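K.L.:
sequence unknown, structure follows:
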């Protein structure tokens, strides 16, 4: 019993590490349109992982359904860009990403997170 | 007749509308959109007003399908009001949830505290507790559904946040208690405790914390609300010889607008008739009203104090200075200085780490803890999950930046981003450009000394006549001085400019020579007795020019760039906060020395070409200084860019806002000191917040895990942990709000 419980505990730790921290191939949504709608609700962006073509302008249309103040801002660290998101309304952010690489976006506290792979 | 209450009309700005025929086409397209009651296109200002409850996206699509462009005109004040209303609704909602959870949690807790039996020995007790368990589940769903759905959603997305911790903590407590009720035999007798009250209390307290946070956060954006509130709602426009009040969003370029005393200037423009005093303090922090007459610029949001004026709109909508300021403050408020990076990195891995700590805690209690192990495992692991607060950590930096940047804006100081704020708190050295920064940047005649037969007024009159055709700043000063004295300009003949030396001409049948010492010597004018006077003037930062009439020395006219009246006091303040001050100027050494001495600066570089200014910045940086550079933002752009913090100083509202890290709307050097003071206060506030958040988690988590138990036998109650967690983020926001009470040391000393 003692061994079982300890083993369970260790497995749980291993699971936490594996689930939250081991980088995995995220299934990025390839954006081939010039507009993509991102819903902000319940602590997540949906979709959270996007893939864009470099140099092509795209509109990210954020729709915030979450009334928690945490969701009020979306911050693009690499672009030094942040926008306030009104509740229940859309907010368009137009981006043209020239350099291939990864751009992250998150709430002020880095709890809601998403990224854009520029290819 | 039944009346229909329609929602707020949608206001669209249209593009591509070239003829009256377009109007009906667009109206038809708009009317076809579902939900539209009435659409009316205003051809004059290229806008459309749509009544009903349509989807704005569909409206825009409809217009573009008809071959035109459309965008929603956003009323900032309206948007802000809606935001506030949404926040208030959220606040009330959270309070309701809190009340429900506490209504169950408090009686249960009091029952437990008063020694009421919380065990499941009899069937009746089990049934009673089962019902309470279900009730708790109901309350948890009503008051805490958002925690659970949030936890599940983010778990699916391989991320974890505060919701995860709350859901895990309260969920575990509830599941354990329910297991005790349903199958007590599975749990050792000594561990058969019930924790329903903890789940309900924690949910209630966290909702209360969130509610208080929403309220406190509302205050952090007061500065931006104040700026938005400066915008006038309507403008009195004169079109077709008719005065009419129209909405501010309908004002067009080149519209003629009347502003009466006591009214706000609605858009940016230039006065074409009348004169008045305008209070620009809301934008520049400059308390003295500014006189405006025909040809002067007026800026939206400022207040007309005395006269009625007509002005022509030059910038409307999002192009006005006020709109730029709002935009910039908003952006800066949301940007993060590097001091917050560490907290960001920790926030990103915080929640899973806490989960791991909770598991380890449980294992330790299981392996080496006293009986009843299971109960101890549960209490400690739950308390660890509940007490940990990623919010305090994540909020520590941005919330202070928000308040600090807003406060600065109140003083007419625009900070471009969080990094500029942090850097200015660390400045050790400040380079001040002389012209236009320490001095007014506008030369004026400071001395007219006539020698011999002519009066000083005649001298000035002749000089002004000579210089009236020149655009040199010194010439302008002389002409202005003559105009101020109502001296008539005379006819000039045989005008000759002698490059680098001066001018000669015939005025009033007299041959005049006006220029430097060399010009006099070349023309054999005896000035030997007067050179000392010229040198003395130069030592007082005046630029002397010799005057000769018919080959005979007649006097000296000196021009100087007056020092701004508060420069000396501001430089004193800078010195007081321990900043090394260096003056830099393109002027000669004599003038530079004189100005430096007058304002109390010990170090200066003179005769510096514009492109050399950045070299001096680099030199000081190599000496280990964190260098601030203050200039007008135009001539010294490279130096401003190279400096750790570039300050652009404006006069009034006439300043390129986005050219520097920090823009001082008011032409006073006091702005630099205030900017540094506010930055220091903000960074200090951030540090307090970060320290508080780290210390809270760093101490709270081990205590929750039971580190004190071996020494004192003390364990933290999960409900207390819930209360601590709920108030930790409120504390951070409230601490940031203290910055709202920042006062300039200048105002304090006054």
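P.N.:
Yep, that arrived. Remember, it's a predicted structure, so these values are computed and weren't measured experimentally. Numbers count the residues shown, from 1 in each chain, chains lettered A, B, ... in the order given.
K.L.:
per-residue pLDDT, the residue in the stretch 351-500 of chain B positioned nearest to chain A?
P.N.:
Nearest to chain A, among the residues of the stretch 351-500 of chain B, is residue B:394, at 2.7 Å (CB to the nearest CB). (C-beta placed from N, C-alpha, C; glycine too.) In the prediction, the pLDDT value recorded for residue B:394 is 83.
K.L.:
that one touches residue A:112, doesn't it?
P.N.:
No. Contact between residue B:394 and residue A:112 fails when scored by CB atoms under 8 Å: they sit 10.8 Å apart.
K.L.:
for the residue in chain A that chain B sits nearest to, helix, strand, or coil?
P.N.:
Going by CB to the nearest CB, chain B is nearest to residue A:109 of chain A, at 2.7 Å. Look at residue A:109: counting by DSSP: H, G, I helix; E, B strand; the rest coil, its state is coil.
K.L.:
any idea how many residues pack against the nearest residue to it once chain neighbours are set aside?
P.N.:
Nearest in space to residue A:109, with sequence neighbours left out and distances taken as CB to CB, 6 or more residues apart in numbering or on different chains, is residue B:394 at 2.7 Å. Residue B:394: 29 surrounding residues under other CB atoms under 10 Å in any protein chain shown.
K.L.:
after the secondary structure element (helix or strand) that residue B:394 belongs to comes which helix or strand?
P.N.:
Element membership of residue B:394, judged by DSSP states H and E, is helix B:390-410. Tracing the chain C-terminally past helix B:390-410 and defining elements by DSSP H and E, one meets strand B:413-415 next.
K.L.:
can you give the strand pairings for that following strand, parallel or anti for each?
P.N.:
Looking at strand B:413-415 with DSSP bridges, its partner strands are strand B:662-664 (antiparallel).
K.L.:
after the longest strand along chain B comes which helix or strand?
P.N.:
Ordering each strand of chain B by length in residues (DSSP state E) puts strand B:552-560 first. Later in the chain than strand B:552-560, the nearest helix or strand by DSSP H and E is helix B:567-576.
K.L.:
check which helices and strands that following helix sits against.
P.N.:
Secondary-structure packing of helix B:567-576 (3 or more CB pairs under 8 Å, 6 or more residues apart in numbering or on different chains; DSSP states H and E): strand B:580-584, helix B:589-599, helix B:670-705, helix B:745-749.
K.L.:
got a list of contacts for it?
P.N.:
Judged by CB atoms under 8 Å, 6 or more residues apart in numbering or on different chains, the contacts made with helix B:567-576 from elsewhere in the structure are B:430, B:432, B:438-439, B:581, B:598-601, B:668-670, B:672-673, B:676, B:745-746.
K.L.:
hmm, which of those are the buried ones?
P.N.:
Those of these that meet the buried threshold are B:430, B:432, B:438-439, B:581, B:599, B:601, B:668-670, B:672-673, B:676, B:746, by 16 or more other CB atoms under 10 Å in any protein chain shown.
K.L.:
ok, which pair from those residues is furthest apart?
P.N.:
With CB to CB as the measure, no two of the buried ones among the contacts of helix B:567-576 lie farther apart than B:439 and B:676, at 21.4 Å.
K.L.:
in space, what's closest to residue B:398 - neighbours in sequence excluded?
P.N.:
Counting by CB to CB, 6+ apart, residue B:398 lies nearest to residue A:108, which is 4.7 Å off, once chain neighbours are set aside.
K.L.:
report pLDDT for that neighbour.
P.N.:
pLDDT, residue A:108: 77.
K.L.:
what are the phi and psi values for it?
P.N.:
Geometry field for residue A:108 lists phi and psi as phi -60, psi -30, criterion degrees, to the nearest 10.
K.L.:
how near is it to residue B:344?
P.N.:
10 Å (CB to CB, to the nearest Å).
K.L.:
what's the closest non-adjacent residue to the residue of the stretch 1-150 of chain B found nearest chain A?
P.N.:
With CB to the nearest CB as the measure, residue B:150 is the residue of the stretch 1-150 of chain B nearest to chain A, at 3.9 Å. Take residue B:150 and drop its neighbours on the chain: the residue closest to it by CB to CB, 6+ apart is residue B:163, 3.5 Å away.
K.L.:
now do the strands in chain A.
P.N.:
Secondary structure of chain A, counting by DSSP E: strands at A:29-30, A:35-41, A:44-46, A:49-52, A:57-64, A:73-76, A:81-84, A:90-96, A:101-106, A:113-118.
K.L.:
adding mean neighbour count and distance to chain B, write those out as CSV.
P.N.:
Supplementary listing: those in CSV, determined by neighbours: other CB atoms under 10 Å in any protein chain shown; distance: least, CB to the nearest CB, whole Å:
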stretch, mean neighbour count, distance to chain B
strand A:29-30, 14, 13
strand A:35-41, 18, 8
strand A:44-46, 22, 5
strand A:49-52, 20, 9
strand A:57-64, 18, 9
strand A:73-76, 22, 6
strand A:81-84, 18, 4
strand A:90-96, 14, 7
strand A:101-106, 18, 8
strand A:113-118, 20, 6
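K.L.:
so for residue B:60, which of those strands sits nearest?
P.N.:
strand A:90-96 (10.7 Å).
K.L.:
what is that closest one packed up against?
P.N.:
Taking 3+ CB pairs under 8 Å, 6+ apart as contact, the helices and strands that strand A:90-96 lies on are strand A:57-64, strand A:81-84.
K.L.:
again, 6 Å this time
P.N.:
Strand A:90-96 sits against strand A:57-64, with contacts defined as 3 or more CB pairs under 6 Å, 6 or more residues apart in numbering or on different chains; DSSP states H and E.
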